[in-house]
Structure formats: C-alpha cells, structure tokens
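Novice: Quick check, what structure comes out for this input:
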Amino acid sequence: MKKPLTVAAWSAFWGIVLALISMLTGLGEGGSFILGLNIVITIVGAVLGFLFLYGFVVLGKKFDVALLVVMAWIGIAITVGFSILVLILNASIIASAQEAAISASQDISEGVSALILFLVLWVPISLFFGAYSILFGVGLLKLKDKVEYAKTAAILDIVGGATLVIFIGAAISLVSYFFKIAVMFKAARKYEGKR
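Specialist: Residues are numbered from 1 along each chain as shown. Here you go, the predicted structure:
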C-alpha cells in the first residue's frame, strides 16, 4: 500500500458515514432488502475497520511501539470475528424470515429475559473491550510527542476502557475514535505528505 496512513484516515471517515447509514437502515421495517444491505454494510465496514487499524500497525512499527502494533492486530482480529458473527446472524434472520412471518407482538417475559441476558453478558464483554481499550491507549500514548492528538486519544481510550462497564465509557470511546481519526490524518500529512 502506497500511503497506508492516508488510506487509514479516509477509511475511518467513510466508516463513520457507513455507521450512519447502518443506523438509518435500522430505523426501517426490515425485510430482505434491509437485511441484504446490512450484510453489504458489514462486509464494507470490516474492510474499512481493517484499513483503519492497519494504520496503527504502520505507526507502531514506524516508532517501534510493539504494544500498539499488537493491539492493532488484535483489533483487526476482533473486527473480522465480529463481522463474521454479524453475517451469520443476518443469514439466520433471513432464513427464519423465509420460513415464517415474524409476529409483531412480543411477549413481555421474552423482553425481560433478553434484558437480563444482555446485562449478564455486558459485564464480561465490557471488561474484555475495556481492557483492550486501555492497552490500546497505553500503546497510543507512546506516540504523544510524535503525532498531534495522540495523547488526547490515548487518555480518552484509557478512561473510556476503564469506565466501559458503567456504560459512560461507550460515549468516551466514541469521542476517542474521532481523536484517533485526527491522529491518523495528522500522521498522514506529517509522514506521507500532502496528496
């Protein structure tokens, strides 16, 4: 890849656009078209996520920050694994929708069970992703004097990871994501030059 940092920065930007489109399709009524669109969004999102995180692999190697390189590769593996899971779930939804019509009414007890299941799963999942975010932030912090906004993004990643289990970390991590995009654009401009 000729300019991996530039590609990473623009991939993150288009990833945000894709996330907004995904949210808008979530407001629709479902059906085969929406599910098919979600499958396409998942695949494109996985590619964009790979390219964005690969930019951190490049930065980590450039400045000999092994932790950042390792965490970026772990992030890529998580992105691929999560995308495969989403594709499997979408395929099963399409298959079940073809077998029977989905009832519009939902039993309240099923809703309560789903909420309890979510809360039980939330703790280990948030602890895992919180630890990942903290370690990624520590790796990113080592770039603080080399790339503008790296320190801010790193601190937000660390705080977001530490508070993810109490939900506020999700909002902090979102802000951190925007700073990581800024880091990538600044690094691309500084180390790859203008287009």
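
Novice: all contacts plus neighbour counts: C-alpha atoms, from now on.
Specialist: Fine.

Novice: Isn't T152 up against F179?
Specialist: Yes - assessed by CA atoms under 8 Å, T152 is found in contact with F179 at 7.1 Å.

Novice: which neighbours do those two share?
Specialist: Common contacts of T152 and F179 (CA atoms under 8 Å, 6 or more residues apart in numbering): none found.

Novice: G75 and V69, how far apart?
Specialist: Distance of G75 to V69, given as CA to CA, to the nearest Å: 10 Å.

Novice: And for L53?
Specialist: 9 Å.

Novice: And the helices in the chain?
Specialist: Along the chain, the stretches classed as helices by DSSP state H are 4-26, 31-62, 66-99, 108-141, 150-162, 168-192.

Novice: Just want the angle from the shortest one to helix 168-192.
Specialist: In other words, helix 150-162. Our comparison of helix 150-162 with helix 168-192, counting by axes from the mean of the first three to the mean of the last three CA atoms, to 10 degrees, yields an angle of 150 degrees.

Novice: which other residues reach helix 150-162?
Specialist: In contact with helix 150-162 (CA under 8 Å, 6+ apart) are residues 129-141, 143-145, 168-173, 175-177, 179-180, 183.

Novice: for L53, what are its contacts?
Specialist: 8, 72-73, 75-76.

Novice: what about stretch 50-67, average pLDDT?
Specialist: Mean per-residue pLDDT for stretch 50-67: 97.

Novice: Same check on stretch 146-159?
Specialist: Average pLDDT, stretch 146-159: 97.

Novice: Sort out which residues of it are buried, please.
Specialist: Residues of stretch 146-159 classed as buried: 147-159 (neighbour count, 16 or more other CA atoms under 10 Å).

Novice: would TSV of the residues you listed with distance to V123 be doable?
Specialist: Putting these into TSV (distance: CA to CA, whole Å) gives the following:
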residue	distance to V123
V147	34
E148	34
Y149	30
A150	28
K151	28
T152	26
A153	24
A154	23
I155	22
L156	20
D157	18
I158	18
V159	17
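
Novice: And stretch 156-176, how far out from the chain middle?
Specialist: Stretch 156-176 sits 13 Å away from the centroid of its parent chain (CA atoms, centre = their mean, to the nearest Å).

Novice: so how far does it reach from one end to the other?
Specialist: End-to-end span of stretch 156-176 (CA to CA): 5 Å.

Novice: Please report the number of neighbouring residues for G60.
Specialist: 22 (other CA atoms under 10 Å).

Novice: Thank you, goodbye.
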